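Asker: Give the three-dimensional model of this entry:
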Amino acid sequence: MELSNEVIGQLSSVFKDANSHDTVLRESATEKIAAFKKNPGAAVTLLIFQNNPNLDISTRLYAAITFKNLVKEGWENSDETENPIPANDKEKVKSVFVDFVLASTQFPSTQAQLLEALSIISLYDFPREWPTILPNLISKFATSDVNVLTIILKMLHTILKKYRGQEKKDSILAELKEILSKLPEPYLALLINTGKLVDVSLQNEAQLFSLLNCIHYLFEIYFSMSSVDLPEFFEDHLGDFTNEFQRYLKLETNFRSIISSKNEEPSLLKKIQTSICEIINLYTQIYDEEFQEYLQPFVESIWTLLTKTSNEISNDPFTYSSIKFLGTVSTSISHKLFDNPAILQQLCSMVITPNIELRESDLELYEDNPVEYMRRDIEGSDSDTRRRAAIELVKGLRKYYETPVFQLLSADIKNLLDKYNQNKKDNWNCKDSAIFLVTALAIKSESNSQLVNIVDFYKQSIEPELSSQDTQPILKADCLKFITIFRSQIPAVEYTRILNHVLPCLQNPDYIIHTYASSCIDRLLAEKNPDGSPRLPSQFVADNLANILIPLANVFSFPCSRQNDRTMKTIVRVVIMTQGKINEEITVSLLQKFISILLEESKNPGNHNFVHYCFEIVGTLLKNIASKPQAPNTVLPLIQTVLQNQVVDFTPYCFQLFSILVENSSQEYLNNYIQQLPMFLTPAVWRNQADYPPLVRLLQAFIKKDAVGIVNRNQLEPILGIFRKLVLSPSQDHEAFFILESLVENLDYSHLEKYLVNIFDVILTRISNKKTQKVVRCFTIFFSIFIIKFGVVQSAQITKSIKPDLWESILERLWLPTVNDINGSIEKKIISICLTNMICCGDILTNTNLWIKLLQCQYNILTGKKSTEADGAVEELYIDKQQEEGYQPTFTQLAFSKKVDVDPFPAINDPSVYFNQMFSEFRQRADNSLITKLVADSGVQL
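Answerer: Okay, here's the model as predicted:
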C-alpha cells in the first residue's frame, strides 16, 4: 500500500500547520484533520502516512496519535459511535498492522501510539474478528533478531492483557480456548530457549539486556493467559514453568543496565522478579491446589530476595508484590508454612515493622510533593505501597494466627511508643510507625476480632497530639487519618469534641494537615447512626455554620490550596446538610463568595474536581433562592463572563445555573430571562457537544414557562432546527426527544400542526438510516406522550398522511416490540396510559389483530411480565442518561441541583385503575360481544 505524492504533501502540510505556534493556522489545520478523519479510508491512509521515512519526528508522531484517536473514536460499531470506521477499512488496517509496528522500531514514541491503537482494536476484534494476528506473531518467534522478538512479544502482551481482571464467563473462556489451542506450546519452547540464551550471555551486557527484556514480556504474557482460568497446558507443564521462574529469582549480575533503576523506575531485573511474584501470587490465590506442591521453594526464594532488597523507591513494586504474596500464602491452604513462632517472629520483625517505617524519601515526598504523598498514604487508595502490603500481610496472618501476631506486634507498638516518649522531638517517627501498626491490627479482618481498643488508643495517643502545638506535621496528619479510618468505632458523643480538635487543623498552612482535616470533617459529617440519622445532626451544623464553614473557606487562602478539591467537597456536604436551615441573607453571602472563586478560576481553569464542587455549591444555594430578585443579580455576572470569554470548561455549568433561574422564576421576573432566549438559539452556542444536555434543559425550562410566547415570537422553528440537528447524532439523539416531549406537553395541536409531518419524517428517516435501540426507545416514549396528548385518531391521521400503512407499521414494528422493555416508573406509566387510550379507541378495534396485541402488552405492563417481542433490547434506557452522576467525558452534571423528572400526566394516579375505568366505559359503548371474544382470544385474564 502506497500513497501518492500529492496525498503525502497535503497531509504533511496539514500536520505541520497543526503543530504551528500560529493559533489561527493551528486551529484551521486541526479542523481539516477532524474533517479528514470522517472520510472512508482515513484510518488506512493515516497508518501508511505515519510510516513514511521522509517525515520529521513531530509529524510522524502527530499522525500516529491521530490514527490512534481515530481508532479510539470509531473502531467500536455501537449506537454511540458518531463516525464508525468502515468494515473494509478495518480489514485493511489489520492486514498490515503488525508490519507497520515492526517498522516503527526506531521511533519509540510512535510505536507506543500504535501499540495503544492495537490494544483498542484487540479489545473488540481479537480473536474472533482478527484470527490471523496470533499465527502471524507466533510465526515470528523463530527470528534471530532479539529486538524484533521484543516488539513481537510487546504486541502479544498488548492483545492479551485485556483478559486481566475478566470474569470467568463462557464468552471469555471460548476466546481463551481458541488462543490456548495455538499459543502455549510455542510459547513454552520460546521461554526455555530464551532461558538457554540467557545462560550463555551472562558476560554480554547488551545481549543479556535484550534477552531479559523478552523474558519480562514473556512473563507478562503468562500472567494474562492465566488470569481467567488455569490453562490445561500450563497445569501439565507447571514444573517446566516454575523452573524458569526460579531461574530469574536466583539470577545475579553486576551489569548496571540490568540492576540499576532510572528516575525511581524499577530495574529490569526487579521488573522480571516482580512479574514472577505476581504470577506466583495469582496461582497461590486462585489455583492453590494445583500449585501447592511447587509453593514452598518460592516462599523461600522470595523471602530471601525480600530481605536482601533495599528500601529504595525503585524497589517498591517488588517489595509490595512479594509481601502481598506472603500475605496470600498466609490465608491459603498452605498457611501452615508459617505455623512456627520463629517464622512469625521473623515476619513481624523483618518484614512488617521495617516496611512500615518512614524512609528519608517519604519525608522528602511529604515536603516536595504533598499531593503524591497523600495519594500513596490515604486509606483506600490504589497505590501499591510497602505500607499497604504490610497491612495486607497483617490481615492475612490474623486469619489463622491472630493471637500470636497481635502479641508480637503489640510488643513492637509498645517499644515504639516508649521510644517516642523518651524523646518526642527526635523519635516522632516511632509513633508514626506505632499508629500504622495499630491501624493494621485494628482494621477488621475475616476474624472480625476487636483486640485493639480504638477509643482508648484515640484518647491516650491520638487526641493529645491533635491538641498539642508541638506535634510533628506527619504525626498530626497520621492522627487525622486515624480518626477518618476509625470514625465509626468512636462513639457519637465524642464527635463534637473531635470536631473541636480537627477544626483548628484547617488553619495549619501545611497542605497535608489542612487537607486531611477537611477530609476528616467530611467523613464525620457523613457518618450515620444505626437508624440512618447523621451523628452530627444537620441542625447542629447549621447552628455552627460559621465555625465550620469559615475555617474551611479560609483554606483557599493558602497558596498551596487555592484549588483544594477535598476541602471544596467538604463544603459541598456542609451546604447540602444545611439546605433550608440558613436564611436568605447568608445564602446570598455564600453565593457571592463562591461565585467570586469561580470568576477567578475562569481566568485560567485548572483543577476540574475543584471547579465541579464549587459549581455544586453555587447550584445548590441558587436553587434555594432562585425565585428571589437577588438571584439573577448574583449569578448572571458569572454566566455573562463565562459566555463572553468562551470558557468552554465552564459553559455546561453556567447553562445549568441559567436553567435553575428559569425553572424557578416567577412570572414577574421571567421576561428578563426571555430576552436572552434568542442567544441560546444561535448555531454558535451549539458548537460544543458538552453543552448540549444543559442547553436542552434550558430550552425545556423556557418551553414549560412560556411555550405560547415562543410560538408568538417565531422561536419555534429555530428550536425545531436544533431538534433536527440533535436527532441525527447517535450520541445526542435522546436530547432531541427531550425537546419534542416538552413541546408536545406544553403546546396545543394547532401550534404544532404544520410541523408535525416534517417532524415524523425526520425521525423515521433517522431510524431508517441508522436504527439503534436507543433512538427507538426515545421515539417510543415520545410517540406515547404524543398519542395521549393529541389523541389516537389524530396521531393515526398524521402518520397515515406520510404513508397510508405507516400507523400500523410503527405500532407493530417499532412501538410494540419496545414498550415492554422500557424501565422507569414514569415511563411505564406513560406507556400504560397510551395503551389504555388505544385499546379503548373504536378505530383501533377495526384491526382486531393489533387490538389483541395491544391488550396483551397492557396486561404484561400492568402485571410486570415481559413481552417476548421485547427480547434482545439493550438494558440502558435513554431517559436514564441525564441521571448519571459524577464526571462524564462530554458533560458534567450538577448532581445536587439537577432537573427533576416530572410526571407529564399527574391527574392519572394509578394506570391500572385508569385502565379498568376506561375499559369498562369502552365495553358499554362498543360491541361487547366482539370485545369478549377478542379478550378470550388474547388469553388475557382481566
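Asker: can you give me the strands in this structure?
Answerer: For the chain, no strands are identified by DSSP state E.
Asker: Report the helix or strand with the lowest average pLDDT across it.
Answerer: Every helix and strand of the chain was ranked by mean pLDDT, DSSP states H and E. The lowest is helix 370-377, at a mean of 88.
Asker: pLDDT weak spots in the stretch 551-700 of the chain?
Answerer: Within the stretch 551-700 of the chain, no range satisfies pLDDT under 70.
Asker: next one: the stretch 301-450 of the chain
Answerer: Using pLDDT under 70, the stretch 301-450 of the chain drops low at 379-383, 444-450.
Asker: Kindly recompute the last result at 80.
Answerer: Applying pLDDT under 80 to the stretch 301-450 of the chain picks out residues 378-384, 444-450.
Asker: all helices for it, in order.
Answerer: Assigned by DSSP state H, counting those that start in this stretch, the helices in the stretch 301-450 of the chain fall at 316-331, 341-346, 360-368, 370-377, 386-422, 428-442.
Asker: any idea which of those is most buried?
Answerer: Among these, helix 316-331 has the highest mean neighbour count (mean count of other Cβ atoms under 10 Å), at a mean of 24. To be clear about C-beta, it is placed using only N, CA and C from the backbone, and glycine gets the same treatment.
Asker: Of all the helices of the stretch 301-450 of the chain, which one is nearest Leu934?
Answerer: helix 316-331 (65.0 Å; Cβ to Cβ).
Asker: Who are the packing partners of the closest one?
Answerer: helix 268-286, helix 288-308, helix 386-422 (3 or more Cβ pairs under 8 Å, 6 or more residues apart in numbering; DSSP states H and E).
Asker: Quick one: end-to-end distance for stretch 595-610.
Answerer: 13 Å (Cα to Cα, to the nearest Å).
Asker: buried residues in that stretch?
Answerer: 595, 597-598, 601-602, 610 (16 or more other Cβ atoms under 10 Å).
Asker: what does stretch 618-635 give?
Answerer: 618-626, 628, 631-632, 634-635.
Asker: mind checking how far that stretch is from the chain centre?
Answerer: 31 Å (Cα atoms, centre = their mean, to the nearest Å).
Asker: coming back round to it: out of the helices and strands packed on helix 316-331, which is closest to Leu337?
Answerer: The nearest among the helices and strands packed on helix 316-331, by Cβ to Cβ, is helix 288-308 at 5.8 Å.
Asker: Distance of the residue lying closest to Ala63 once chain neighbours are set aside relative to Glu76?
Answerer: In space, Ala63 comes closest to Gln50 once its chain neighbours are excluded; the distance is 3.8 Å by Cβ to Cβ, 6 or more residues apart in numbering. Taking Cβ to Cβ, to the nearest Å as the measure, Gln50 falls 22 Å from Glu76.
Asker: ok, the closest residue to Tyr400 other than its chain neighbours - contacts?
Answerer: Distance criterion Cβ to Cβ, 6+ apart; nearest residue to Tyr400, sequence neighbours excluded, is His335 at 5.1 Å. If you count contacts by Cβ atoms under 8 Å, 6 or more residues apart in numbering, His335 has them with 329, 399-400.
Asker: do the same with Leu720
Answerer: Counting by Cβ under 8 Å, 6+ apart, Leu720 touches 755, 759.
Asker: Then the one 3 residues further on?
Answerer: By Cβ under 8 Å, 6+ apart, the contact set of Phe723 is 736, 739-740, 759, 762.
Asker: Give me the pLDDT value at it.
Answerer: Looking at Phe723, its pLDDT reads 97.
Asker: Only the buried residues of stretch 509-525, if you could.
Answerer: 510-525.
Asker: now, the most widely separated pair of those residues?
Answerer: Asp510 and Leu525 (22.3 Å).
Asker: tell me the contacts of the closest residue to Leu677 other than its chain neighbours?
Answerer: Distance criterion Cβ to Cβ, 6+ apart; nearest residue to Leu677, sequence neighbours excluded, is Phe702 at 5.7 Å. Applying Cβ under 8 Å, 6+ apart to Phe702 gives the contacts 662, 673-674, 677, 680, 710.
Asker: nearest to Asp89, of those?
Answerer: Among these, and counting by Cβ to Cβ, the member closest to Asp89 is Phe680, at 38.5 Å.
Asker: Quickly note the distance from the closest one to Arg697.
Answerer: 11 Å.
Asker: do His237 as well
Answerer: Taking Cβ to Cβ, one finds His237 at 61 Å from Arg697.
Asker: So which of these two has more stuff around it?
Answerer: Legend: neighbour count by other Cβ atoms under 10 Å for His237 and Arg697, higher for Arg697 (23 against 15).
Asker: How about the more buried one, nearest residue that isn't a chain neighbour?
Answerer: Closest to Arg697 by Cβ to Cβ, 6+ apart is Ser659, at 4.7 Å.
Asker: ok, so what distance separates the one you found from Val635?
Answerer: 11 Å.
Asker: just Asp125 next, same as before
Answerer: From Asp125 to Val635 the distance is 49 Å (Cβ to Cβ).
Asker: And Lys92, by the same measure?
Answerer: Taking Cβ to Cβ, one finds Lys92 at 53 Å from Val635.
Asker: now swap in Ser201 and tell me
Answerer: Taken as Cβ to Cβ, the span from Ser201 to Val635 is 70 Å.
Asker: Compile the helices and strands packed on helix 316-331 into JSON lines and extend it with columns for distance to Ser467.
Answerer: Shown next, in JSON lines, are these (distance: least, Cβ to Cβ, whole Å):
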{"stretch": "helix 268-286", "distance to Ser467": "43"}
{"stretch": "helix 288-308", "distance to Ser467": "40"}
{"stretch": "helix 386-422", "distance to Ser467": "17"}
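Asker: nearest to Val776, of the helices of the stretch 301-450 of the chain?
Answerer: Nearest of those (Cβ to Cβ): helix 370-377, 44.4 Å.
Asker: just the angle between the closest one and helix 386-422, please?
Answerer: 100 degrees (axes from the mean of the first three to the mean of the last three Cα atoms, to 10 degrees).
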